[in-house]
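**Student:** what follows is a predicted protein model with its sequence.
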Amino acid sequence: MSNETQSSDARSGDRLVQAGAIIFFVGAVATLVTVAPLFLGTHPFPSIAYAVCMLMGVGFVVAAAGLLRSVADQRRQARAAMAGQAPAATPAA
């Protein structure tokens, strides 16, 4: 299926996946930055820095929602295409 035939719902699902990936990577970087002082022996960051690490889970949920939205739209398009086709004639035996 080409990009020209996709509806705006499928593209919004793709955008959710992209946004979820970005949010996930921001959370992953925050996790690395937050854990680094524990290994370096310096003072830990304030608790708000640990809250930013929760973006990893949020990003995963957003990406999963986008994936499910894209799947639902593709299934809807497939059903509409099947309904639009003429039923195949069965040969007489």
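**Tutor:** Thanks, I have the structure now. Numbers count the residues shown, from 1 in each chain.
**Student:** please count neighbours and contacts with C-alpha atoms only from this point.
**Tutor:** Noted.
**Student:** so residue 28 makes contact with residue 53?
**Tutor:** Yes - Residue 28 lies in contact with residue 53 (Cα atoms under 8 Å); the separation is 6.7 Å.
**Student:** enumerate every residue touching the spatially most central residue of the chain.
**Tutor:** By Cα atoms, centre = their mean, the chain has its centre lying nearest to residue 63, at 2.0 Å. The contact partners of residue 63, by Cα atoms under 8 Å, 6 or more residues apart in numbering, come to 16-21.
**Student:** what residues of the helix or strand where residue 74 lies count as buried?
**Tutor:** Per DSSP states H and E: residue 74 is located in helix 55-84. By neighbour count with 16 or more other Cα atoms under 10 Å, helix 55-84 contains the buried residues 55-56, 58-67, 69-70, 73-74.
**Student:** same question, stretch 41-53
**Tutor:** Applying 16+ other Cα under 10 Å to stretch 41-53 flags 50, 52-53 as buried.
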